[in-house]
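Peer 1: sequence plus the predicted model coming up.
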Amino acid sequence: MIQEKVGRDRNTGIMEELLLYILDNNIDEIVPKFSFQLGFFYPEIMKISTKYRINDQELLEMLVKHKYAIRELHDKYVRCPYCKSYRLLVQLKCPHCGSTNVSKVTLVSHVPCGYIGVLEEMNISEGKRICPKCEKKLGAKDKDWLQIGSLYKCDKCGELFEIPSVQFKCVTCNKTFGYKEAEYENIYKYKINFEKIKSLTKKILLKSIINELKKDNVKVEINPQLTGLSGLKHTATLQAKKDNNSLLVDILFEGEIDDIMSIYGKIIDLGQPNHIILIPKNISEDLSLDESQLKIVKYDKISDIPNLIRKKIK
Ligand SMILES: [Zn+2]
Ligand SMILES: [Zn+2]
Ligand SMILES: [Zn+2]
């Protein structure tokens, strides 16, 4: 039971780190890439999957399970049924005798005499192909002779056929197999559900702030109840305390920037010297703020916030 809970908590932690990483890097789709060494892999999430030694697929399925991502078919590929490798060589086979000794040939018609046959099988005289029926030179393409199509010819049994059989040879385990035995695997991509993630961002962020500050023995209270000079009740995103130092923090995300005016009023009413507001860097440039009254801290990425607060409390 306890083991199970530990595993679940660990996975939640990993997933939350991944969600912050997705938000910070604006990843809207996680698309697989292929390498002969790794097979299909997902470069966008590799930083997290290698850090925690967790399988890419397992990590992505966690996102899907919690509806943070939607799984979509990216493509389908053949893989070896014996060792699951995608490192395959493709061979063509004669459907009649099974030999791989087949050649592609050109079917032509000689216009003057109406002969139909295989171009590559005609005799050559003085560098020119000779028609086996009228024994004259074949002449000019598209005028004296026409290409009707391409065929395969078995060099073992002599059979002519339009569609050869396919055989795969696995480079990894050396076994051969046909399309009947082949595994035809779905390869998925993952679309990020930003709406769902954003509703959770603050919760994840607060959790990581608490964890980060715990290392420095800083206590964090979320949404503390405070009374202003006017007697009005206020709250802030969090209050951090270490020894006799205290820091009040309000955190604004991109969509919440209009709240800055009410925060301004609150800061004046509370009159606490250590009250900072964290706002996104890209937004703050368009904003004219009275920085003599407001202690603004600009953040570039959401994942930078815990460390920015950490620096302020020291
Ligand atoms: Zn194999
Ligand atoms: Zn054959
Ligand atoms: Zn002819």
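Peer 2: Noted; the coordinates are in hand. Ligands and ions are numbered 1, 2, ... in the order given.
Peer 1: and stretch 306-314, what's buried?
Peer 2: Of the residues in stretch 306-314, those scored as buried under the neighbour-count criterion (16 or more other CB atoms under 10 Å) are 306, 308-310, 312-313. Quick note: C-beta positions are derived from backbone N, CA and C, even for glycine.
Peer 1: what would the residues you listed look like in a markdown table with secondary structure, pLDDT and distance to Gly117?
Peer 2: Written out in a markdown table, the entries for the buried residues of stretch 306-314 read as follows (DSSP: H, G, I helix; E, B strand; the rest coil; pLDDT from 0 to 100; distance: CB to CB, whole Å):
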| residue | secondary structure | pLDDT | distance to Gly117 |
| --- | --- | --- | --- |
| Pro306 | helix | 88 | 78 |
| Leu308 | helix | 89 | 80 |
| Ile309 | helix | 88 | 83 |
| Arg310 | helix | 87 | 83 |
| Lys312 | helix | 86 | 87 |
| Ile313 | helix | 82 | 89 |
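Peer 1: just put those residues in TSV and tack on distance to Lys202.
Peer 2: Converted to TSV, the buried residues of stretch 306-314 look like this (distance: CB to CB, whole Å):
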residue	distance to Lys202
Pro306	13
Leu308	16
Ile309	14
Arg310	18
Lys312	19
Ile313	20
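Peer 1: out of those, flag the one nearest to Lys242.
Peer 2: Ile313 (5.7 Å; CB to CB).
Peer 1: correct me, but Tyr152 touches Asn101?
Peer 2: No: the pair Tyr152 and Asn101 does not pass the contact test of CB atoms under 8 Å, sitting 10.8 Å apart.
Peer 1: comparing the two, which residue is more hemmed in?
Peer 2: Per other CB atoms under 10 Å, whichever of Tyr152 and Asn101 has more neighbours is Tyr152, with 20 against 13.
Peer 1: and the helix or strand hosting that one, does that touch ligand 2?
Peer 2: Tyr152 belongs to strand 145-154 when elements are defined using DSSP states H and E. Yes: using CB under 5 Å from the ion, a contact is recorded between strand 145-154 and ligand 2, made by Cys154.
Peer 1: what helices or strands is that strand leaning on?
Peer 2: Under the contact criterion of 3 or more CB pairs under 8 Å, 6 or more residues apart in numbering; DSSP states H and E, the helices and strands touching strand 145-154 comprise strand 102-110, strand 116-118, strand 160-161.
Peer 1: just those strands: most buried one?
Peer 2: When neighbours are counted by mean count of other CB atoms under 10 Å, the highest per-stretch mean among the helices and strands packed on strand 145-154 falls to strand 102-110, a mean of 17.
Peer 1: if we can go back for a sec, need the overlap of contacts for Tyr152 and Asn101.
Peer 2: Between them, Tyr152 and Asn101 have Cys94 as joint contacts when contacts are counted by CB atoms under 8 Å, 6 or more residues apart in numbering.
Peer 1: what does the stretch 101-250 of the chain put close to ligand 3?
Peer 2: Of all the residues in the stretch 101-250 of the chain, those lying near ligand 3 are 110, 113, 115, 131, 133-134, going by CB under 5 Å from the ion.
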